[in-house]
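Engineer: With the input below, show me the fold.
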Amino acid sequence: MKAPGIRVPREEGETVRRALQEAGLLRKDLQVRREGDHLVLPLTEAVPEYRGFPGVEEDFEPQRHQRETYQEIADVPADLKPLLPSSFDVIGHVLLLKLPDALAGYERAIAEALMRTNKSVRTVAVDRGVGGELRVRRLEVVAGEPETETIHTEHGMRLLVDPGAVYFSPRLSTERQRVAAQVKPGEVVVDLFAGAGPFAILLARMAEPAKVHAIDLNPEAYVYLEENIRRNRLEGRVEGHLADAREWARTHPGIADRVIMNLPHTANDFLEDALRVLKPTGGVLHYHTIEAQERLPVHLARLAGRARAVGFTLRVLAQREVRTYSPQEAHFAVDLEARPLVGPENG
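Structural biologist: Got it, this is the predicted structure:
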């Protein structure tokens with residue numbers, strides 16, 4: 001059957017396969033294709049490239065011997081099995097999943113089945129939702145090791161992160177790579193909501209920016225950010241700041257060619273601050289939001305009106321649905337070109 005894939009040299013196959021699996025991008029019901037000195041790994045979604053390897057569309061054979069799924073072996077009543085989630089996040093050795101209320105009381109049985117079918121997982125935690133000013137997940141460890149601090153590998157970078165203390169999503173792996181591929185040599189980049197540094201560190205590794213400023217208000221995130229800068233040997237190229245994004249923007253106007261706004265629930269509140277840190281000639285905003293598809297044009301039109309009020313025009317360069325957020329809404333990433341307004345309105 002036809003499906004998207006990624007073509008990699010045979011010697012890189014296992015490393016890339018593991019990374020794809022951790023990112024939730026590896027399709028497990030299809031066999032890997034062997035083409036001479038290369039492998040083609042089947043993907044759950046099409047990507048233009050991954051780690052510099054080209055995305056393709058190929059014919060794949062189905063797996064002949066399907067391994068047992070966790071849903072099959074979980075000790076859960078048969079009438080509840082249809083409620084078992086089909087997707088979850090794996091961050092290093094930690095697996096995070098959300099469960100409907102109807103499965104309350106079966107958390108440990110579900111977790112044990114997940115550990116049996118995902119050999120790299122040593123900790124399973126139920127995600128009770130994101131909350132608070134710092135947007136941190138409330139995790140309940142239900143099986144395995146109690147420690148949720150872990151090393152997550154993605155696109156060749158190694159991040160120390162605790163998903164119970166710092167928000168981190170492996171589902172943004174492709175988005176991080178997509179943004180990094182746009183960064184031009186010598187640019188100054190500002191990551192307004194950096195967390196443990198996945199965007200900042202990846203683009204500093206993949207591209208050649210003059211400087212990446214990574215800002216976060218969460219003291220624990222800042223500790224992980226500084227450690228990850230050190231671990232990835234990016235001292236001097238990535239500079240961490242423990243600060244409120246709005247206050248930092250007020251004291252650092254006009255320095256950035258590119259601003260990352262990965263705070264989808266509230267990035268809307270920081271538009272003027274992001275525009276403030278752009279250079280007078282303008283630049284690019286990588287803006288994230290949670291919105292219904294049919295409402296996104298209205299949302300972006302309102303952003304454009306606010307930008308015009310402070311002297312900028314906005315133009316959509318690209319938009320991408322990152323993931324489904326709810327039956328009605330999705331997480332969108334939108335690249336916005338911001339340029340100074342010329343003419344009577346700009347004085």
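Engineer: For Val310, grab the count of nearby residues.
Structural biologist: Residues lying near Val310 (other CB atoms under 10 Å) number 11. No exception for glycine: its C-beta is placed from N, CA and C like everyone else's.
Engineer: isn't it right next to Asp273, touching?
Structural biologist: No. Assessed by CB atoms under 8 Å, Val310 is found out of contact with Asp273, at 10.3 Å.
Engineer: can you give me the helices for the stretch 1-150 of the chain?
Structural biologist: 13-22, 70-73, 107-117 (DSSP state H, counting those that start in this stretch).
Engineer: Out of those, which is the most enclosed?
Structural biologist: helix 107-117 (a mean of 19; mean count of other CB atoms under 10 Å).
Engineer: Need the contact partners of that helix.
Structural biologist: Helix 107-117 is contacted from outside by 67-71, 73-76, 84, 88, 95, 97, 99, 103, 121-122, 124, 126, 140, 142-144, using CB atoms under 8 Å, 6 or more residues apart in numbering.
Engineer: Try it again at 6 Å.
Structural biologist: Tyr70, Ile73, Ala74, Asp75, Val76, Leu95, Val121, Val124, Val126, Val142, Ala143 (CB atoms under 6 Å, 6 or more residues apart in numbering).
Engineer: Most neighbours among the residues you listed, which one?
Structural biologist: Val124 (26 neighbours).
Engineer: Return the residues in contact with that residue.
Structural biologist: Here Val124 is in contact with Leu95, Ala111, Leu114, Val142, Ala143, Gly144 (criterion: CB under 6 Å, 6+ apart).
Engineer: for the residues you listed, which one is nearest Val277?
Structural biologist: Of all the contacts of Val124, the one with the least separation from Val277 (CB to CB) is Leu95, at 37.0 Å.
Engineer: Where does Leu285 sit: helix, strand or coil?
Structural biologist: Of the three states, Leu285 takes strand according to DSSP: H, G, I helix; E, B strand; the rest coil.
Engineer: about what we covered before: dump the helices of the stretch 1-150 of the chain into CSV; add mean pLDDT and distance to Gly156 as well.
Structural biologist: As requested, these are arranged in CSV below (pLDDT from 0 to 100; distance: least, CB to CB, whole Å):
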stretch, mean pLDDT, distance to Gly156
helix 13-22, 79, 8
helix 70-73, 89, 29
helix 107-117, 94, 27
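Engineer: Of these, which is nearest Phe332?
Structural biologist: Among these, helix 13-22 sits nearest to Phe332 (CB to CB), with 23.1 Å.
Engineer: who touches that closest one?
Structural biologist: For helix 13-22, the surrounding residues in contact (CB under 6 Å, 6+ apart) are Val8, Leu26, Leu39, Leu41, Val90.
Engineer: Mind checking which of those are buried?
Structural biologist: Buried members of those, scored by 16 or more other CB atoms under 10 Å, are Val8, Leu26, Leu39, Leu41, Val90.
Engineer: distance of Asp257 from Phe60?
Structural biologist: 41 Å (CB to CB, to the nearest Å).
Engineer: try Arg237
Structural biologist: Taking CB to CB, one finds Arg237 at 40 Å from Phe60.
Engineer: Looking at the two, which has the bigger crowd around it?
Structural biologist: Phe60 (20 against 17).
Engineer: quick one, phi/psi of that one?
Structural biologist: phi -120, psi 150 (degrees, to the nearest 10).
Engineer: ok, it to Val16 distance?
Structural biologist: In terms of CB to CB, Phe60 sits 16 Å off from Val16.
Engineer: Which residue, neighbours along the chain excluded, lies closest to Ser87?
Structural biologist: Gly24 (6.7 Å; CB to CB, 6 or more residues apart in numbering).
Engineer: for Leu203, that is, sorry about that
Structural biologist: Ala180 (3.9 Å).
Engineer: So for Arg122, what's the pLDDT?
Structural biologist: Arg122 is assigned 94 on the pLDDT scale.
Engineer: Was I right to think it contacts Pro146?
Structural biologist: No. Using CB atoms under 6 Å, Arg122 is not in contact with Pro146; the gap is 10.3 Å.
Engineer: And the two? Which one has more around it.
Structural biologist: Neighbour totals were compared for Arg122 and Pro146, and Arg122 leads with 16 against 7 (other CB under 10 Å).
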